[in-house]
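>>> Sequence and predicted structure below; questions after.
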Amino acid sequence: VISGGDDGHLRWWPIEEIDTAEADYDNGILEFGIRMRKEMRIPPSSSEHNVHPAHIQHVVVGQDEATWLIQDSRNGMIWIFDMSSGTCTNALSCHSQQVT
């Protein structure tokens, strides 16, 4: 399972732990800790990308499963993320404000 959100990070979670997670209702413990497998900031923190962390709205995985398109509504960009190399490049840039 992969999640992404307002903090600009994609996070990988183990489906096995999620699938078997069970709250302890008898003791009133409704939380269950799941260990994150991997975390990556979009775009990566570097001098190459002088933008804020993405507000990830949508992620589309290509047929090859190595190329991902990531919609960033904070910076008004579409990022191309290459899973095999870990590189993140800007595919499209536009405004990120409302159109009225």
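That came in fine, so what should we check first? Since the model is a prediction, treat every value here as computed from it, not as a measurement. Residues are numbered from 1 along each chain as shown.
>>> what's the residue nearest to Asn90 when sequence neighbours are not counted in contact with, if anything?
Nearest residue to Asn90, sequence neighbours excluded (Cβ to Cβ, 6 or more residues apart in numbering): Met77, at 5.5 Å. The C-beta positions use only the backbone N, C-alpha and C, and glycine is treated the same way. Contacts of Met77 were listed using Cβ atoms under 8 Å, 6 or more residues apart in numbering, and they are Val51, Ala54, Asn90, Ala91, Leu92, Ser93, Cys94.
>>> same thing but 10 Å
Applying Cβ atoms under 10 Å, 6 or more residues apart in numbering, we find Met77 in contact with 42-43, 49, 51, 54, 70-71, 90-94, 96.
>>> Please report how far it lies from Phe32.
Distance, Met77 to Phe32, by Cβ to Cβ, to the nearest Å: 35 Å.
>>> cool, His9 as well?
21 Å.
>>> all helices of this protein, in order?
For the chain, applying DSSP state H gives helices covering 15-20.
>>> about what we covered before: compare His9 and Phe32 (neighbour count), which wins?
For His9 versus Phe32, neighbours defined as other Cβ atoms under 10 Å are more numerous around His9 (16 against 12).
>>> Identify the bridge partners of that one.
Counting by DSSP bridges, His9 is bridged to Arg41.
>>> Mind pulling the model confidence for it?
The per-residue pLDDT reported for His9 equals 95.
>>> Tell me who's in contact with Gly76.
Gly76 neighbours (Cβ under 10 Å, 6+ apart): Val51, Leu92, Ser93, Cys94, His95, Ser96, Gln97.
>>> ok, now how distant is the most far-flung residue of the chain relative to its centre from His95?
The centre of the chain is farthest from one residue, Asp26, which by Cα atoms, centre = their mean lies 34.8 Å away. In this view, Asp26 and His95 are 53 Å apart by Cβ to Cβ.
>>> same question, Gly5
Taken as Cβ to Cβ, the span from Gly5 to His95 is 21 Å.
>>> Looking at those two, which is more packed in?
Neighbour totals were compared for Gly5 and His95, and Gly5 leads with 12 against 7 (other Cβ under 10 Å).
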